[in-house]
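Visitor: Quick one, fold the following:
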Amino acid sequence: RMVASAAKGGRQGESRRIFIGGIGSLTDSQLRRICDQCGQVESFDSDFKGFAFALFKDRDSAERAIRDDITEILIEKGAARNVSVQYATEQGYQKACRKREDE
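Guide: Numbering: from 1, shown residues only. I've put the predicted structure just below:
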């Protein structure tokens, strides 16, 4: 979980990328469909243990995912009760990718 906590924490308006932690048994396609409800997803990366990142085409879509609190939808579809959706920092995303490559 250290990678997950390092990956989150961006501020509103600074990022088009969101961090989704505690994804539980959700599949890539389920996660992507949920994110697509907020706007166009440019890329989606879920090759991590228990979390994923979604990069939206624009900042407004990322803000919608945070503001509209898609956690309820995620929980309904099978995410863990402690699921979190937050802005991701580029530094945190890169760190998570490096850690994944080292494993």
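
Visitor: what's the neighbour count on Phe56?
Guide: Here the number of neighbours of Phe56 (other CB atoms under 10 Å) works out to 24. Backbone N, C-alpha and C define where each C-beta goes, glycine included.

Visitor: Can you verify my assumption that it contacts Gln37?
Guide: No: taking CB atoms under 8 Å as the contact criterion, Phe56 and Gln37 are not neighbours in contact, 11.5 Å apart.

Visitor: Strands of this protein, start to end?
Guide: Counting by DSSP state E, the chain has strands at residues 17-21, 41-45, 51-56, 84-87.

Visitor: Next, format those as TSV and append distance to Thr27 and mean pLDDT.
Guide: Putting those into TSV (distance: least, CB to CB, whole Å; pLDDT from 0 to 100) gives the following:
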stretch	distance to Thr27	mean pLDDT
strand 17-21	13	95
strand 41-45	12	93
strand 51-56	11	96
strand 84-87	17	93
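
Visitor: So which of those strands is nearest Asp68?
Guide: Across the strands of the chain, Asp68 has its closest neighbour in strand 84-87 (9.5 Å, CB to CB).

Visitor: least trustworthy helix or strand in the protein by mean pLDDT?
Guide: Lowest mean confidence among the helices and strands of the chain (mean pLDDT, DSSP states H and E): helix 2-7, at a mean of 35.

Visitor: tell me the contacts of Asp60?
Guide: Counting by CB atoms under 8 Å, 6 or more residues apart in numbering, Asp60 touches Gly39.

Visitor: Brilliant, that's me finished.
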